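> kindly return the folded structure for what I paste below:
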Amino acid sequence: MNQNEIEQSCRAVLQAEAKAIQDLTNQMKPDVLKEVVDKIANCSGKIVVSGCGTSGVAAAKIVHSLCCIEKPAVYLSPSDAVHGRLGVLQPEDILILISKGGNTKELINLIPACHTKGSFLIGITENTDSIIGKEAHLCLQVRVEKEPDPFNMLATASILAVIATFDAIIITLMAKTNYTREQFGVIHPGGAVGEKLLQK
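Numbers count the residues shown, from 1 in each chain. The predicted model follows:
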């Protein structure tokens, strides 16, 4: 590929991903979003988030962002979960399962324990008719028209859409819980962000 072709390819991908996120504003279901925000805001336990592959990477990012606004959260590896790590999940917790198709076997294996323990289950998927979509107490649909790769298979725009949706939820939680700059300064004293937060 020459320089022009590389530029065009990169530009097309960025435009496709930007459009996917912009399209989310037309897909929002206010009642579902409100319930997600309310459930997390009022959670007396912790938020346990799980996903496989790229969804697992998104889950880890969401966990970090939740901790940044003092909503205790942990990432649960699906493979470790069924070998004892499910003990981290308690009745007062929320379990969030992220699966594009909603039928990821490794995540489905976590559902019986969640129901038995009495934890609240939130499913994040494109397919509300999937197992996760139907088994979840609350299903938040996040979907994109297509992935920008030529096979429409590589989880790119779809994962950005999940992350962007939770960015919106988390920033809304900051407003709902009156989260302050001073609170953020206590838990984020490091790096450039910490320097700005701790400036007199």
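
> and the closest residue to residue 53 other than its chain neighbours, what is it in contact with?
Distances taken as CB to CB, 6 or more residues apart in numbering place residue 155 nearest to residue 53, at 7.0 Å, with adjacent residues excluded. The way it works is simple: take the backbone N, C-alpha and C, and place the C-beta from them, glycine included. Applying CB atoms under 8 Å, 6 or more residues apart in numbering, we find residue 155 in contact with 53, 54, 55, 100, 147.

> can we see that at 10 Å?
Residues near residue 155 by CB atoms under 10 Å, 6 or more residues apart in numbering: 53, 54, 55, 57, 58, 100, 144, 147, 149, 162.

> can you give me phi and psi for it?
The phi and psi torsions at residue 155 (degrees, to the nearest 10) take the values phi -70, psi 100.

> and it, how far is that from residue 148?
For residue 155, the distance to residue 148 (CB to CB, to the nearest Å) stands at 11 Å.

> are we agreed that residue 124 is in a strand?
Yes. Counting by DSSP: H, G, I helix; E, B strand; the rest coil, residue 124 is part of a strand.

> look at residue 116 and say how many residues are nearby.
For residue 116, the count of nearby residues is 10 (other CB atoms under 10 Å).

> residues contacting it?
Taking CB under 10 Å, 6+ apart, we find residue 116 in contact with 86, 91.

> mind listing the helices for the chain?
In the chain, the helices defined using DSSP state H lie at 3-27, 30-41, 54-68, 78-81, 105-108, 111-117, 131-135, 157-176, 181-187, 191-197.

> okay if I get these as a markdown table plus distance to residue 92?
Formatted as a markdown table, the helices of the chain follow (distance: least, CB to CB, whole Å):
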| stretch | distance to residue 92 |
| --- | --- |
| helix 3-27 | 30 |
| helix 30-41 | 12 |
| helix 54-68 | 16 |
| helix 78-81 | 18 |
| helix 105-108 | 21 |
| helix 111-117 | 10 |
| helix 131-135 | 20 |
| helix 157-176 | 18 |
| helix 181-187 | 22 |
| helix 191-197 | 30 |
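
> for residue 126, phi and psi?
Residue 126 has phi and psi values of phi -80, psi -30 when expressed as degrees, to the nearest 10.

> so it touches residue 157, yeah?
No. With contact defined as CB atoms under 10 Å, residue 126 and residue 157 do not form a contacting pair (11.4 Å).

> nothing else from me, thank you.
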